[in-house]
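**Student:** fold the following, please.
(chains A, B, C and D)
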There are 2 protein chains.
Amino acid sequence: MTAVEDGLRLETRERPDHETARDLVAAAIDAGALVTAVGRCTVDYEGRASSTLGPGERLVMLKPDGAALVHTDEGQQPVNWQPPDCEHEATLDGDGLLLIESHRETPEEHLAVSFESVLEVSAYGLTDERDLSLEGTEEDLRQRILDEPYLIEEGFIPLATERETPAGAVDIYGEDSEGRAVAVELKRRRVGPDAVGQLGRYVDAMERDLHAETEMRGILVAPSVTDRASRLLAERGLEFVPLTPTGTPESAD
Amino acid sequence: MTAVEDGLRLETRERPDHETARDLVAAAIDAGALVTAVGRCTVDYEGRASSTLGPGERLVMLKPDGAALVHTDEGQQPVNWQPPDCEHEATLDGDGLLLIESHRETPEEHLAVSFESVLEVSAYGLTDERDLSLEGTEEDLRQRILDEPYLIEEGFIPLATERETPAGAVDIYGEDSEGRAVAVELKRRRVGPDAVGQLGRYVDAMERDLHAETEMRGILVAPSVTDRASRLLAERGLEFVPLTPTGTPESAD
DNA sequence: CAATGGATATCGGGC
DNA sequence: GCCCGATGTCCATTG
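**Tutor:** A predicted model of the protein is given here:
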């Protein structure tokens, strides 16, 4: 019985032989620990796409929720990965070398990491309450507008959030001071053409719903807008109001 | 002089005191090693947004390229992070506890991880050739069409890729058997409304360029399409051709 | 530098 | 389970 199975919090092997590494990784997976394995390896992936990665030194992380990450010494993103809810397995291949595999269905995906050498293997028993508090999101921008509707313009009245249209949900639906219907699309950061297309789809869908004679307004709310997006807004008769989620002043175009 | 500075490949401390942890992390950052630090900590971030994370046990990874990752026991994504090209620093705070910070400018961003306890600290000297070969991408889909244009339709002739329009670059520009201009937008996976909007913008822009009388065709190429996107395609007079990057048959709508 | 769009995007909410 | 849109998205490419 290993320390991990005993409920201890940490088990590490430096430069273990492959069998020792396999034993620890397998036990740690069973015990619900977070595992790291560092060494020279190759990586093969097959699923939504497929990839191969030749020999190199990387860090492999296996999480108890079934996520797997292969990190090189560069980049924020892992070079290979599996999302949560995968099944992890540690075995010895035909040459007696450590093989870590991760598999899931829907979609069918398989990741295999074949180690030539193992620098270190560690198992950590982690607990986390996981109460991240994040500010400066699109939700903060929405709340800011609901609290102070005049930030959109004098006389603007919010009537609904996430109002459904055939093209999707409008972030804020309301009326202007002359009673015209207004669709507001929110973005927490500077926007490009995509956001204009999104707002345009909503406005088109609502105009169709409200019958042709009613004039809809569409307002894009974001810290700023790119040149091309600005031109697209003008072409489609849509408007822009500069506003940040936090109230911090930023350059507004 | 530590082992890391000597060029050794691995240096680990299990349950180190905070000063020992600080020394190793600081030396490893200087030496260009990849660092992991596991322990109970709080995390504060301030930058494009801001966040706080209360006490919990996490794994912090510092990469020699300046990236930083804070991983909990759940999720593929780190709960906090910094992109590459940040400056990392390991110090002792006023209470003598390990403090890992990461900072960058443009945009101004700061990450601070305050450790209450340190389970383990490791430094790895990694080298990686980083030669990932990936198949099943949009680029593969494009090449497949350029090799076999009839997959779009009988008589289709590709004339250009990434052809610029005022609305952005069209993936493939070509002509049909009757000489009409065709814009083709490629997606490697099932598409929703966004892709329709993207194609629509290109077609509108090209029709404007080619003068009003010329009839443009817009074709969306993807494995399949959602209901709403299908309706949007019909509304805008755009077309859909089911095709996968690899040729593997998938359910096509 | 900004801008644009892809990604094995991941993630969460709604239906 | 699919669909849809947000993300501190990251990231490569291009101007």
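**Student:** residue A:148: how many residues sit nearby?
**Tutor:** Per other C-beta atoms under 10 Å in any protein chain shown, the neighbour tally for residue A:148 reads 12. Backbone N, C-alpha and C define where each C-beta goes, glycine included.
**Student:** which parts of the stretch 101-250 of chain A are helices?
**Tutor:** When secondary structure is read from DSSP state H, counting those that start in this stretch, the stretch 101-250 of chain A shows helices at A:138-147, A:193-209, A:227-235.
**Student:** CSV please, covering those and showing distance to chain B and mean neighbour count.
**Tutor:** Formatted as CSV, the helices of the stretch 101-250 of chain A follow (distance: least, C-beta to the nearest C-beta, whole Å; neighbours: other C-beta atoms under 10 Å in any protein chain shown):
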stretch, distance to chain B, mean neighbour count
helix A:138-147, 9, 17
helix A:193-209, 3, 21
helix A:227-235, 7, 17
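**Student:** I'd say residue A:232 and residue A:196 touch.
**Tutor:** Yes: between residue A:232 and residue A:196 there is a contact under C-beta atoms under 8 Å: 4.3 Å.
**Student:** and stretch A:87-101, anywhere near DNA strand C?
**Tutor:** No: contact of stretch A:87-101 with DNA strand C (C-beta under 7 Å from any atom of the strand) is absent, the minimum separation being 13.1 Å.
**Student:** can you list the domains in chain A?
**Tutor:** Following automatic domain parsing, chain A resolves into domains at A:10-124, A:138-242.
**Student:** quick one: name the residues of the stretch 151-253 of chain A near DNA strand C.
**Tutor:** Neighbours of DNA strand C within the stretch 151-253 of chain A, by C-beta under 7 Å from any atom of the strand: A:190, A:192, A:193, A:194, A:226, A:227, A:228, A:229.
**Student:** closest to residue A:81 out of these?
**Tutor:** residue A:194 (25.6 Å; C-beta to C-beta).
**Student:** local confidence estimate at that closest one?
**Tutor:** In the prediction, the pLDDT value recorded for residue A:194 is 95.
**Student:** point out the most buried one among the domains of chain A.
**Tutor:** domain A:10-124 (a mean of 19; mean count of other C-beta atoms under 10 Å in any protein chain shown).
**Student:** how far off centre is that one?
**Tutor:** 22 Å (C-alpha atoms, centre = their mean, to the nearest Å).
**Student:** for chain A, longest strand please?
**Tutor:** strand A:109-124 (DSSP state E).
**Student:** pairing partners for it, with directions?
**Tutor:** strand A:10-14 (antiparallel), strand A:34-46 (antiparallel), strand A:98-104 (antiparallel) (DSSP bridges).
**Student:** tell me if the longest one is near DNA strand C.
**Tutor:** Yes: figure legend: strand A:34-46 in contact with DNA strand C (C-beta under 7 Å from any atom of the strand); contacting residues residue A:45.
**Student:** which SSE is immediately downstream of that strand?
**Tutor:** Following strand A:34-46 in sequence order, the next helix or strand is strand A:50-62 (DSSP states H and E).
**Student:** quick one: mean pLDDT for the helix or strand just after that following strand?
**Tutor:** Downstream of strand A:50-62, the next assigned helix or strand under DSSP H and E is strand A:68-71. Mean pLDDT, computed over strand A:68-71, is 98.
**Student:** so what touches stretch A:170-181?
**Tutor:** For stretch A:170-181, contacts defined as C-beta atoms under 8 Å, 6 or more residues apart in numbering or on different chains pick out A:138, A:142, A:145-146, A:149, A:152-164, A:182-186, A:202, A:206, A:210, A:214-217.
**Student:** please compute how far it lies from its chain's middle.
**Tutor:** With C-alpha atoms, centre = their mean, you get 31 Å for stretch A:170-181.
**Student:** and the nearest residue to residue A:118 once chain neighbours are set aside, bridged to which residues?
**Tutor:** The spatial neighbour of residue A:118 that comes closest, neighbours along the chain excluded (C-beta to C-beta, 6 or more residues apart in numbering or on different chains), is residue A:39 at 4.1 Å. Beta-bridge partners of residue A:39, counted by DSSP bridges, are residue A:58, residue A:118.
**Student:** same check, this time on the one 5 residues further on
**Tutor:** Note on residue A:44: beta-bridge partners residue A:52, residue A:112, judged by DSSP bridges.
**Student:** what distance do you get for it to residue A:68?
**Tutor:** 13 Å (C-beta to C-beta, to the nearest Å).
**Student:** overlap of the contact sets of these two?
**Tutor:** Counting by C-beta under 8 Å, 6+ apart, the common neighbours of residue A:44 and residue A:68 are residue A:111.
**Student:** tell me the angle the longest strand of chain A makes with strand B:50-62.
**Tutor:** With axes from the mean of the first three to the mean of the last three C-alpha atoms, to 10 degrees defining the directions, strand A:109-124 sits at 90 degrees from strand B:50-62.
**Student:** mind saving the C-alpha coords of strand A:109-124 as CSV?
**Tutor:** Provided in CSV are the C-alpha atoms of strand A:109-124 (Å, rounded to 0.1, in the frame of the first residue of the first chain):
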residue,chain,number,x,y,z
GLU,A,109,-10.5,10.8,-28.3
HIS,A,110,-7.3,9.1,-27.2
LEU,A,111,-4.0,10.6,-26.0
ALA,A,112,-0.8,8.5,-25.5
VAL,A,113,2.4,9.7,-23.9
SER,A,114,5.3,7.3,-24.3
PHE,A,115,8.3,8.0,-22.0
GLU,A,116,11.9,7.3,-23.0
SER,A,117,13.1,8.5,-19.6
VAL,A,118,11.4,9.8,-16.5
LEU,A,119,13.0,12.7,-14.6
GLU,A,120,10.4,12.8,-11.8
VAL,A,121,6.9,11.6,-10.9
SER,A,122,4.8,13.2,-8.2
ALA,A,123,1.4,12.7,-6.8
TYR,A,124,-0.4,15.4,-4.8
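**Student:** do that strand and DNA strand D meet?
**Tutor:** No: Strand A:109-124 stays clear of DNA strand D (C-beta under 7 Å from any atom of the strand), getting no nearer than 12.5 Å.
**Student:** what is the helix or strand of chain A with the lowest mean pLDDT packed up against?
**Tutor:** The weakest-scoring helix or strand in chain A, judged by mean pLDDT, DSSP states H and E, is helix A:193-209 (a mean of 92). Secondary-structure packing of helix A:193-209 (3 or more C-beta pairs under 8 Å, 6 or more residues apart in numbering or on different chains; DSSP states H and E): strand A:157-165, strand A:168-175, strand A:181-186, strand A:216-222, helix A:227-235, helix B:193-209.
**Student:** lovely, talk soon.
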